[in-house]
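1. pasting the structure only:
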């Protein structure tokens, strides 16, 4: 194989990488990059990793089982409490574990592992501007007034990504998805779930997963840690103008209006929450590219392909976090294979390897939501959550290594075209 296409992949490239964003995609990129011998700085604007809510990861990972809950079954109900389906939720399927737990705690496990490997993770880092100098083969950021540069910049800065502007050449705006969610997480026993006949069943077994579905609305309830903690989510139609923010303090009284004629345990559970969040779900049109013109800046995770939030809904593919992890693994792998002198080839190869798979996962979530939100009187399809083998039986690093030679070779022989251009 010509050296222009592939390095030895021995983990000795020492490519300098700036990762902007300390979410799942950013941490996965940092971890895999350190494992492959790259030099990594991670810049995070928040002071710490704290987050309300749960997370579902469909990946192999280290050290997560101790803080995660195994949900053995999902109980799917009609809005009035009629049981529609009882679906087993396998902890391990196609060789991949499912990790269900509090987002902040899962984040912390990955953060500590990244630090252990030597990643330089910096908090309170406000990235103001991205820049790129293709002639010098460098890219960088202005952060807290300081100019930083590296061989490649990875924008893992979420749905409000500033990196998209340098990648696209223009600023794109999020648009309302037409849906919003109310969500809450609290201690079950402190709020009296175990003593209320309408809610005590949530605490008895622990690790239970319940769903109620109606027209254009559904509610999920999940217990964690042997019933000690409880999370509920209600997804509903919403055309609110998101403006500059889409997360607000919610009102329990507003949530109750959606379930006033539902199974009474739904109202009882909602009332137990001391507070909730009103989160407007936004979306973006699929980006035509994830790679800057010069090839030294890319976007990954939600910055490249935001999913409707995965854990909140049986109506998605449960892949937002997982696809971000796959992005991080893939870019670290192709950089290792391409070597330091072929950064643009690596980033464009990454884009081609990942683009169609991500779009397929997004489409699965959208179709599942539409199927689930039909009028109950006309719903004649299976309401169970799909676990497709193509989605879950997947090794991102192996996949990247297997495809690298062909994809990078095609790019060199025929010239670079965006995957979106090839699809059209």
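-> Everything's here; your move. For clarity, every value in this text was computed on a predicted model and none was experimentally measured.
2. what bits of the stretch 1-150 of the chain have low per-residue confidence?
-> Applying pLDDT under 70 to the stretch 1-150 of the chain flags the ranges 1-13, 50-70, 90-92, 96, 98-101.
3. list the contacts for residue 75?
-> By Cβ atoms under 8 Å, 6 or more residues apart in numbering, the contact set of residue 75 is 83, 85, 86, 208, 209, 210, 211. For every residue, glycine as well, the C-beta is placed using N, CA and C.
4. state the pair within those residues that is farthest apart.
-> Spanning the widest gap among these are 85 and 208, at 14.8 Å by Cβ to Cβ.
5. between the two, point out the one with more neighbours.
-> Per other Cβ atoms under 10 Å, whichever of residue 85 and residue 208 has more neighbours is residue 208, with 21 against 14.
6. my guess is the more buried one contacts residue 220. True?
-> No - the criterion here is Cβ atoms under 8 Å, and residue 208 misses it with residue 220 at 11.1 Å.
7. returning to what we had before: and of the contacts of residue 75, the nearest to residue 46?
-> Looking at the contacts of residue 75 and their distance to residue 46, the nearest is residue 209, at 29.3 Å (Cβ to Cβ).
8. for residue 266, see how far away the closest one is.
-> 15 Å (Cβ to Cβ, to the nearest Å).
9. who has more neighbours, these two?
-> More crowded of residue 209 and residue 266, by other Cβ under 10 Å: residue 266, with 25 against 20.
10. longest single strand anywhere in this protein?
-> When the chain is parsed with DSSP state E, its longest strand is strand 175-187.
11. how far off centre is that strand?
-> In terms of Cα atoms, centre = their mean, to the nearest Å, the centre of strand 175-187 is set 15 Å apart from its chain centre.
12. packing partners for that strand?
-> strand 229-237, strand 277-283 (3 or more Cβ pairs under 8 Å, 6 or more residues apart in numbering; DSSP states H and E).
13. which one of those strands has the lowest average pLDDT?
-> Between these, the one with the least mean pLDDT is strand 277-283; it has a mean of 81.
14. who touches the following helix or strand past that one?
-> Reading on from strand 277-283 to the C-terminus, the next helix or strand found by DSSP states H and E is strand 297-299. Contact partners of strand 297-299, identified using Cβ under 8 Å, 6+ apart, comprise 130, 132, 139, 152-156, 161, 163-164, 166-167, 287, 290-292, 304, 331, 347, 350-351.
15. quick check: angle from the longest helix along the chain to strand 277-283?
-> Ranked by number of residues, the top helix in the chain under DSSP state H is helix 343-372. Angle of helix 343-372 versus strand 277-283, following axes from the mean of the first three to the mean of the last three Cα atoms, to 10 degrees, is 120 degrees.
16. can you pull the domain assignment for this protein?
-> 16-60+101-172+284-423, 175-281 (automatic domain parsing).
17. now the longest one: how far from the chain's centre is it?
-> Taking Cα atoms, centre = their mean, the mean C-alpha location of domain 16-60+101-172+284-423 is offset from the chain mean by 9 Å.
18. ends of stretch 16-30, how far apart?
-> 11 Å (Cα to Cα, to the nearest Å).
19. same question, stretch 128-142
-> End-to-end distance of stretch 128-142 (Cα to Cα): 6 Å.
20. and if you look at stretch 283-291?
-> One end of stretch 283-291 sits 20 Å from the other (Cα to Cα).
21. buried stuff in it?
-> Of all the residues in stretch 283-291, those buried under the rule 16 or more other Cβ atoms under 10 Å are 283, 284, 287, 289, 290, 291.
22. look up the pLDDT of the nearest residue to the third one once chain neighbours are set aside for me, please.
-> By the measure of Cβ to Cβ, 6 or more residues apart in numbering, the closest residue to residue 287 outside its immediate chain neighbours is residue 304, 6.2 Å from it. The model reports residue 304 with a pLDDT of 91.
23. same check, this time on residue 349
-> Looking at residue 349, its pLDDT is 97.
24. surely it and residue 412 touch.
-> No - counting by Cβ under 8 Å, residue 349 does not reach residue 412; the two are 9.8 Å apart.
25. pLDDT weak spots in the stretch 151-300 of the chain?
-> Short version for the stretch 151-300 of the chain, where the test is pLDDT under 70: 241-246.
26. where exactly do the helices run in the stretch 301-424 of the chain?
-> With helices called from DSSP state H, counting those that start in this stretch, the stretch 301-424 of the chain shows them at 320-338, 343-372, 389-392, 396-414, 419-423.
27. of all those helices, which lies closest to residue 188?
-> Closest to residue 188 of those is helix 320-338 (Cβ to Cβ; 24.5 Å).
28. compute the inter-axis angle for the closest one and helix 343-372.
-> Angle of helix 320-338 versus helix 343-372, following the same axes, to 10 degrees, is 160 degrees.
29. which helices and strands does helix 320-338 pack with?
-> Applying 3+ Cβ pairs under 8 Å, 6+ apart, one finds that helix 320-338 makes contact with helix 24-35, strand 54-58, helix 343-372, helix 396-414.
30. ranking the helices of the stretch 301-424 of the chain by burial, who's on top?
-> helix 320-338 (a mean of 28; mean count of other Cβ atoms under 10 Å).
31. returning to what we had before: ok, of the contacts of residue 75, which one's closest to residue 176?
-> Among these, and counting by Cβ to Cβ, the member closest to residue 176 is residue 211, at 24.0 Å.
32. wait, is residue 132 part of a strand?
-> Yes - the assignment for residue 132 by DSSP: H, G, I helix; E, B strand; the rest coil puts it in a strand.
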